[in-house]
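**Student:** Sequence first, predicted coordinates after that:
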Amino acid sequence: MASSGAGGSLREIPVDKIDRNPENPRIHFRQQELDELAESIRRHGVQVPISVYREGQRYVLIDGERRWRCSLKLNRSSIPAIVQEKPDPLTNLVLMFNIHALREQWDLLTIAIKLPRVIKLYSHEKGTEPNERELSQETGLSRGTIRRCRLLMNLPEHHLDIINTELRKPKASQRITEDFYIEMERALSAVTRYMPESLPNEKAKERARQVLLEKYREKTINNIVDFRKLSKIARAARVEADTVAARDALEQIFDRNKYSINDGYERSVSLAYQERDLLTHIQTLIADLRSYDVEEIDEDVTSILRQLIEAAQDILEGGQ
């Protein structure tokens with residue numbers, strides 16, 4: 001007998017009368033996670049009902065695909081389900097986004113693949129394309145997550161295939177990850193913006209992607225954080241570094257060789273960034289010192305300040 005619940009009725013329905021939701025963004029179900037869930041269901045049953053809507057004589061999943069898959073594998077005849085009204089296409093999709101935003105997060109590629117569909121449905125229903133804030137409100141995703149996904153959305157298909165292949169592996173075995181591509185795309189965007197002559201067109205940008213991917217696989221690039229130094233090279237003019245040296249560094253980084261991002265950074269803009277950071281530290285120190293009363297400063301601080309004055313005098317005298 002069905003019981004009424006908020007937003008639908010709770011009942012036991014046949015497992016074999018349920019179909020996967022074609023709009024479900026999730027594409028990867030890791031075997032270890034499924035095995036662990038199946039063992040839990042075998043021992044204790046399905047503790048949290050799935051959510052479905054009726055479609056003719058069958059039901060379509062809204063939430064709970066892993067529980068349904070495991071129940072099928074265990075040959076269970078029925079599963080507890082909350083049966084809801086059939087949603088419109090946009091509601092169907094954003095409902096799944098919001099459910100997972102409140103629970104475990106999907107792989108970013110999963111979101112990136114489906115976001116264009118959300119944008120299309122929203123635009124059709126509202127008559128205008130959603131901005132970042134509206135997209136966040138609809139999906140329950142943070143604006144930061146949406147920005148990261150947009151970087152993946154614009155990747156050529158074969159790079160998405162590479163990420164997909166990695167996502168099928170256990171987390172610990174993944175190397176060419178979504179984060180790798182996000183860091184790389186941010187860096188390439190910085191180069192395109194600040195030194196467009198280094199990546200004059202999409203063909204050049206794709207060639208750079210391929211080279212950077214090869215260098216990462218070969219461990220010429222050791223860490224995805226190195227890509228942030230690539231952005232700093234592109235912004236050489238902002239720290240008054242030699243832009244010619246920076247362009248030369250980018251040319252070598254984007255060439256098939258053993259020249260790393262760290263090599264280019266150290267030989268082009270490293271000193272300029274160190275000087276900028278030193279200037280910032282000095283300005284902060286001066287502001288802090290001026291906020292102190294002389295009587296508040298103890299002898300240890302006074303001693304260090306004397307050493308600082310001596311070091312500054314040595315630098316000034318050496319520059320004369």
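**Tutor:** Perfect, thanks for sending it.
**Student:** Buried residues in the helix or strand hosting residue 165, which are they?
**Tutor:** Assigned by DSSP states H and E, residue 165 belongs to helix 157-167. For helix 157-167, a neighbour-count test (16 or more other CB atoms under 10 Å) marks 159, 160, 163, 166, 167 as buried. Glycine gets a C-beta too; all of them are placed from N, C-alpha and C.
**Student:** from what I can see the first one touches residue 180, true?
**Tutor:** Pointing back at residue 159 there. No. Under the criterion of CB atoms under 8 Å, residue 159 makes no contact with residue 180, lying 10.2 Å away.
**Student:** show me the residues around the most centrally placed residue in the chain that make contact.
**Tutor:** In the chain, the centroid-proximal residue (CA atoms, centre = their mean) is residue 148; its distance is 4.5 Å. Going by CB atoms under 8 Å, 6 or more residues apart in numbering, residue 148 touches 108, 178, 182.
**Student:** Report how many residues lie close to the second one.
**Tutor:** Yep, that's residue 178 we're talking about. Per other CB atoms under 10 Å, the neighbour tally for residue 178 reads 21.
**Student:** residues contacting it?
**Tutor:** Residue 178 neighbours (CB under 8 Å, 6+ apart): 107, 108, 109, 148, 152, 163, 167.
**Student:** For these, name the two members farthest from one another.
**Tutor:** 148 and 167 (15.2 Å; CB to CB).
**Student:** so where is the stretch 201-320 of the chain shaky, pLDDT-wise?
**Tutor:** Within the stretch 201-320 of the chain, the segments meeting pLDDT under 70 span 319-320.
**Student:** go again using 50 as the cut-off
**Tutor:** Within the stretch 201-320 of the chain, not a single segment meets pLDDT under 50.
**Student:** ranges for the helices of it?
**Tutor:** Assigned by DSSP state H, counting those that start in this stretch, the stretch 201-320 of the chain shows helices spanning 202-217, 227-234, 243-253, 261-268, 270-290, 299-318.
**Student:** Kindly format the C-alpha coordinates of the third one as PDB.
**Tutor:** I take that to be helix 243-253. Provided in PDB are the C-alpha atoms of helix 243-253 (Å, rounded to 0.1, in the frame of the first residue of the first chain):
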ATOM      1  CA  THR A 243      58.800  40.700 -22.600                       C
ATOM      2  CA  VAL A 244      61.100  39.600 -25.400                       C
ATOM      3  CA  ALA A 245      62.700  37.000 -23.000                       C
ATOM      4  CA  ALA A 246      59.100  36.000 -21.900                       C
ATOM      5  CA  ARG A 247      58.100  35.400 -25.500                       C
ATOM      6  CA  ASP A 248      61.200  33.400 -26.200                       C
ATOM      7  CA  ALA A 249      60.400  31.300 -23.100                       C
ATOM      8  CA  LEU A 250      56.900  30.600 -24.300                       C
ATOM      9  CA  GLU A 251      58.200  29.600 -27.700                       C
ATOM     10  CA  GLN A 252      60.500  27.000 -26.200                       C
ATOM     11  CA  ILE A 253      57.800  25.800 -23.700                       C
END
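**Student:** And it, what's buried?
**Tutor:** Buried, per 16+ other CB under 10 Å, within helix 243-253: 243, 245, 246, 247, 249, 250, 252, 253.
**Student:** Give me the packing partners of it, helices and strands only.
**Tutor:** helix 227-234, helix 261-268 (3 or more CB pairs under 8 Å, 6 or more residues apart in numbering; DSSP states H and E).
**Student:** Please identify the most buried of those.
**Tutor:** Highest mean neighbour count of these: helix 227-234, a mean of 23 (counted as mean count of other CB atoms under 10 Å).
**Student:** between that one and helix 270-290, what angle do the directions make?
**Tutor:** Counting by axes from the mean of the first three to the mean of the last three CA atoms, to 10 degrees, helix 227-234 lies at 90 degrees to helix 270-290.
**Student:** Now do helix 227-234 against helix 243-253, angle only.
**Tutor:** Using the same axes, to 10 degrees: helix 227-234 against helix 243-253 is 140 degrees.
**Student:** Many thanks, I have nothing further to ask.
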